[in-house]
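> need a 3D model of the sequence below.
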Amino acid sequence: MINTVLGPISGDDLGVTLMHEHIVVNIIGADSGERSYTIEEVLEYVLPYLIEAKDKGCQTIVEATPLGLGRDLEVLVECSKKSGLNIVTCTGAWDGSDVKGLSVPDAIKKITIDEIANVWTKEFEEGIDETGIKPGYIKLALGDEGKIFPLQEKLLRAAARTSKKTGMRIQCHIYTSASVPSAIKIIEEEKLPYDRFIWVHADGQMDMEKILEFGKKGIWLQFDGIGVVKEFTKYPPTIGKLVEENLIPQLLFGQDSGSFWIKEEEEEWPMRPYARFFNEFVPYCIKEGVEKELINKVITENSRRALSLK
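Numbering: from 1, shown residues only. Next up, the predicted model:
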């Protein structure tokens with residue numbers, strides 16, 4: 001069983017899945033106030049791109065925006081209904097980049113590790129707020145400045161305890177690979193099985209030493225900068241190395257694509273199309289010798305296992 005914004009589905013209904021996409025993102029701050037846009041505005045902007053991905057064979061999008069970064073369940077429900085895509089939402093908190101807690105709600109900052117875990121567990125067991133919609137996984141972001149700060153450690157420990165209670169996996173954004181050993185040490189202290197942890201942006205710096213070291217421990221390796229990079233040259237040789245090391249069963253793909261951005265300034269932020277994976281990445285990898293069957297396995301079987309409850 002896998003939770004989507006329209007209700008639980010079986011793993012067999014998940015299909016081709018992109019593991020890291022965004023629909024609405026708020027970079028102003030977690031406590032910035034009321035919605036400053038309409039659902040119709042988001043649909044007008046985002047829906048054509050979602051439908052394009054659906055037409056290319058995508059069946060499920062894992063929407064990686066937690067509370068505080070712009071999670072909007074009403075928008076996600078309408079996008080799912082109108083696009084025909086399954087959309088999986090998350091619980092958790094985001095403290096990536098150098099925002100210093102800006103995207104973490106004050107209500108979360110002020111409570112203890114176990115209290116946070118109780119909040120996130122309640123969302124899983126009873127649904128988010130009064131919507132009845134349940135998250136499919138836990139999303140975190142931390143460590144982008146080369147260390148894990150106290151707030152980030154608290155969030156990771158809370159996520160580990162939530163995972164142990166619910167079976168949900170943790171998708172943990174860590175762009176700076178130097179922070180990964182500290183994150184793994186924390187989940188070891190929390191006695192969380194390695195396969196409950198997904199290293200989001202493992203392809204950010206493509207640090208093969210750490211990819212292999214921690215992949216062999218059993219964590220998931222998510223390559224999800226595909227929607228952001230200008231070219232894909234680093235991917236085929238890395239995938240080849242994962243084949244040699246028997247780590248393909250732990251590989252996941254996403255794009256970090258989208259989205260409708262809420263921002264203070266009117267700077268241009270162009271859409272990163274959801275279909276780029278199918279239009280550009282897959283053909284390039286096949287041309288460079290990556291087997292299509294391998295890619296299909298990652299975006300179907302691996303995604304299904306990563307989202308299935310343990």
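> can you get me a residue count around residue 90?
With neighbours defined by other Cβ atoms under 10 Å, the count for residue 90 comes to 27. Any C-beta I mention is one placed from the backbone N, CA and C, and that applies to glycine too.
> paired strands for the helix or strand of the chain with the lowest mean pLDDT, with orientation please.
Ranked by mean pLDDT, DSSP states H and E, the weakest helix or strand in the chain is strand 260-262, scoring a mean of 88. Here strand 260-262 has these sheet partners by DSSP bridges: strand 24-26 (parallel).
> buried sites along the strand it pairs with?
24, 25, 26 (16 or more other Cβ atoms under 10 Å).
> low pLDDT regions in the stretch 201-310 of the chain?
264-268 (pLDDT under 70).
> dump the residue contacts of residue 220.
169, 195, 197, 198, 199, 250, 251, 252, 306 (Cβ atoms under 8 Å, 6 or more residues apart in numbering).
> just those residues: which are in helices?
Among the contacts of residue 220, the ones falling in helices (DSSP state H) are residue 306.
> any of the contacts of residue 220 buried? List them.
For the contacts of residue 220, a neighbour count by 16+ other Cβ under 10 Å gives the buried set as 169, 197, 198, 199, 250, 251, 252, 306.
> on that earlier part again, filter the contacts of residue 220 down to just the ones in strands.
197, 198, 199, 251, 252 (DSSP state E).
> could you dump those to JSON lines with distance to residue 291?
Listed next are the ones in strands among the contacts of residue 220 as JSON lines, based on distance: Cβ to Cβ, whole Å:
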{"residue": "197", "distance to residue 291": "27"}
{"residue": "198", "distance to residue 291": "23"}
{"residue": "199", "distance to residue 291": "24"}
{"residue": "251", "distance to residue 291": "13"}
{"residue": "252", "distance to residue 291": "17"}
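> burial measure for the closest residue to residue 278 other than its chain neighbours, as a count.
Of all residues not flanking residue 278 in the chain, residue 56 sits nearest, at 3.8 Å (Cβ to Cβ, 6 or more residues apart in numbering). By the criterion of other Cβ under 10 Å, residue 56 has 15 neighbours.
> with residue 180 instead?
22.
> now residue 246
Residues within reach of residue 246, counting by other Cβ under 10 Å, total 10.
> ok so it is a helix residue?
No. Using DSSP: H, G, I helix; E, B strand; the rest coil, the assignment for residue 246 is coil, not a helix.
> residues contacting it?
Counting by Cβ under 8 Å, 6+ apart, residue 246 has no contacts.
> do a quick rundown of the helices in the stretch 151-300 of the chain.
180-189, 208-217, 235-244, 276, 282-287, 292-297 (DSSP state H, counting those that start in this stretch).
> between those helices, which one is closest to residue 75.
Among the helices of the stretch 151-300 of the chain, helix 276 comes nearest to residue 75, with 21.4 Å by Cβ to Cβ.
> what does that closest one contact?
Here helix 276 makes contact (Cβ under 8 Å, 6+ apart) with 226, 227, 255, 257.
> including neighbour count and distance to residue 85, could those go into a markdown table?
Output for the contacts of helix 276, formatted as a markdown table (neighbours: other Cβ atoms under 10 Å; distance: Cβ to Cβ, whole Å):
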| residue | neighbour count | distance to residue 85 |
| --- | --- | --- |
| 226 | 23 | 18 |
| 227 | 23 | 16 |
| 255 | 26 | 14 |
| 257 | 24 | 13 |
